[in-house]
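Engineer: What follows is a predicted structure for the sequence shown.
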Amino acid sequence: MASCHGSGKLVRGIPTFPGKLPHFAEHFGVRDLALASHTPGSGDHGESGMDEDLDQMTRDDLIREVRKLRQGIRQHRDSSGHALCWHHPALWGLLPEKTDPLPVVPEWPEFIRGCVQYRQSLDTQAASAPRTGEPYDR
């Protein structure tokens, strides 16, 4: 199989990350990247039947769905500054299942420790990104 920047294999064109999680997955607590090897309708991703609606969609429906999801991902990707640190229910609101799970919120000391670690990781992962001293004002 083709490699993906030396990090693993491409499964149906999607990179897999054997033995390690990409930073975004660690940051958001994603532990199962089974989507990379998921076959629609197989139920192997822990939620039986969750994606069966895809099997019934026409090509045009699927294209509309992909465009909607891409727009949501781009909006999240293009967030910057203090917006990087917010809860983003609009992103997972693009999924067809309508749930509004409450996140597990760390106690303040652990939460701040995670924020500091995330910001430190940007020094490595986005070392050339511009920095700002803009104060937080929401």
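Structural biologist: Looks like it arrived, so ask away. Numbers count the residues shown, from 1 in each chain.
Engineer: Only C-alpha atoms from now on, for both contacts and neighbour counts.
Structural biologist: Will do.
Engineer: mind checking how far residue 55 is from residue 66?
Structural biologist: Going from residue 55 to residue 66 by CA to CA, to the nearest Å gives 14 Å.
Engineer: next one: residue 110
Structural biologist: Residue 110 is 36 Å from residue 66, where distance means CA to CA.
Engineer: and if you look at residue 134?
Structural biologist: 35 Å.
Engineer: Who has more neighbours out of these two?
Structural biologist: Taking neighbours as other CA atoms under 10 Å, residue 134 and residue 66 compare with residue 66 leading, 12 against 8.
Engineer: And the pLDDT for that one?
Structural biologist: Reading off the confidence values, residue 66 has pLDDT 96.
Engineer: Now do the contacts for it.
Structural biologist: Listed by CA atoms under 8 Å, 6 or more residues apart in numbering, residue 66 has no contact partners.
Engineer: helix, strand or coil for it?
Structural biologist: Secondary structure state of residue 66, per DSSP: H, G, I helix; E, B strand; the rest coil, is helix.
Engineer: Could you do residue 83 as well?
Structural biologist: helix.
Engineer: Can you report how many residues lie near it?
Structural biologist: 13.
Engineer: in the chain, which helix or strand is least confident?
Structural biologist: strand 10-11 (a mean of 40; mean pLDDT, DSSP states H and E).
Engineer: What helix or strand is residue 90 located in?
Structural biologist: helix 89-92 (DSSP states H and E).
Engineer: which residues touch that helix?
Structural biologist: Under CA under 8 Å, 6+ apart, the answer for helix 89-92 is 72, 73, 76.
Engineer: now swap in stretch 119-129 and tell me
Structural biologist: By CA under 8 Å, 6+ apart, stretch 119-129 touches no other residue.
Engineer: export that stretch as PDB, just CAs?
Structural biologist: C-alpha atoms of stretch 119-129 as PDB (Å, rounded to 0.1, in the frame of the first residue of the first chain):
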ATOM      1  CA  ARG A 119      -0.700  26.200  23.100                       C
ATOM      2  CA  GLN A 120       2.800  24.800  23.600                       C
ATOM      3  CA  SER A 121       2.100  22.200  20.900                       C
ATOM      4  CA  LEU A 122       1.400  25.000  18.500                       C
ATOM      5  CA  ASP A 123       5.000  26.200  18.900                       C
ATOM      6  CA  THR A 124       6.000  22.900  17.300                       C
ATOM      7  CA  GLN A 125       3.100  22.100  15.000                       C
ATOM      8  CA  ALA A 126       2.600  25.700  13.800                       C
ATOM      9  CA  ALA A 127       6.000  27.200  14.400                       C
ATOM     10  CA  SER A 128       5.800  29.600  11.500                       C
ATOM     11  CA  ALA A 129       2.200  30.800  12.200                       C
END
